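Peer 1: Fold the stuff below for me.
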Amino acid sequence: MNKIISYRGLLAHTGEDKILLSTKKGEKGYRITKFELFPKNFNVDDEYNMQIWKEPGQQTSQVDFSDNRLLAAGYVETVAGAQEGVRSVIVFDQEIVNQDIYVAMGAQSGNACNYYIELEVIRLSEIEATVATLKDIRNNQ
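Peer 2: Residues are numbered from 1 along each chain as shown. Predicted coordinates for the structure are as follows:
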């Protein structure tokens, strides 16, 4: 079994975190295995939309699954005083990347939301590393 690494953070409205994954030769690949959102404040009516991207500057409240730069998208809604609590939908791609990724918040509110990501670390051959890097370059053009 491959190694699993995790990252966590807190993003406010239109915030963005860079997750450093790139290596000199690109010999390590990463696959998202878990992406979860957890609001900072449950005592308000709010919506949170967070996405994981292959490139920076993608803080948007719109989600387009046909965009090949998008790796994962998560949505959480809180309703103050509701018995059902938080509702969430998480979708993620099984793509292997070997470059840095970016977690971006595109919520409609000013409240912050926590995120938790687990990545499976995959050892890549020289050819697989080259293909992953070229694919990333093409996606950013």
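Peer 1: can we go C-alpha only for contacts and neighbour counts from here?
Peer 2: Noted.
Peer 1: Give the full set of residues in contact with residue 91.
Peer 2: 72, 73, 74 (C-alpha atoms under 8 Å, 6 or more residues apart in numbering).
Peer 1: who's in contact with the second one?
Peer 2: The one in question is residue 73. By C-alpha under 8 Å, 6+ apart, residue 73 lies in contact with 49, 50, 51, 52, 63, 90, 91, 92.
Peer 1: roughly how far apart are the fifth one and residue 104?
Peer 2: Residue 63 sits 12 Å away from residue 104, taking C-alpha to C-alpha, to the nearest Å as the criterion.
Peer 1: So for these two, which residue has more residues nearby?
Peer 2: Legend: neighbour count by other C-alpha atoms under 10 Å for residue 63 and residue 104, higher for residue 104 (26 against 15).
Peer 1: any idea where the strands of this protein begin and end?
Peer 2: For the chain, the strands defined by DSSP state E cover 4-11, 16-19, 28-39, 46-53, 70-78, 87-92, 101-105, 113-123.
Peer 1: will you turn those into a markdown table that also has mean pLDDT and distance to residue 59?
Peer 2: Shown next, in a markdown table, are the strands of the chain (pLDDT from 0 to 100; distance: least, C-alpha to C-alpha, whole Å):
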| stretch | mean pLDDT | distance to residue 59 |
| --- | --- | --- |
| strand 4-11 | 96 | 11 |
| strand 16-19 | 95 | 7 |
| strand 28-39 | 91 | 16 |
| strand 46-53 | 89 | 8 |
| strand 70-78 | 87 | 12 |
| strand 87-92 | 76 | 17 |
| strand 101-105 | 94 | 5 |
| strand 113-123 | 93 | 14 |
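Peer 1: Of all those strands, which one comes closest to residue 129?
Peer 2: strand 28-39 (7.5 Å; C-alpha to C-alpha).
Peer 1: Summarise which helices and strands the closest one is packed against.
Peer 2: Contact analysis of strand 28-39 by 3 or more C-alpha pairs under 8 Å, 6 or more residues apart in numbering; DSSP states H and E lists strand 70-78, strand 87-92, strand 113-123 as its packing neighbours.
Peer 1: hmm, who's touching it?
Peer 2: 22, 48, 50, 72, 74-76, 78, 88, 90, 92-98, 112-124, 129.
Peer 1: my read: residue 22 touches residue 99, true?
Peer 2: Yes. Under the criterion of C-alpha atoms under 8 Å, residue 22 makes contact with residue 99 at 4.2 Å.
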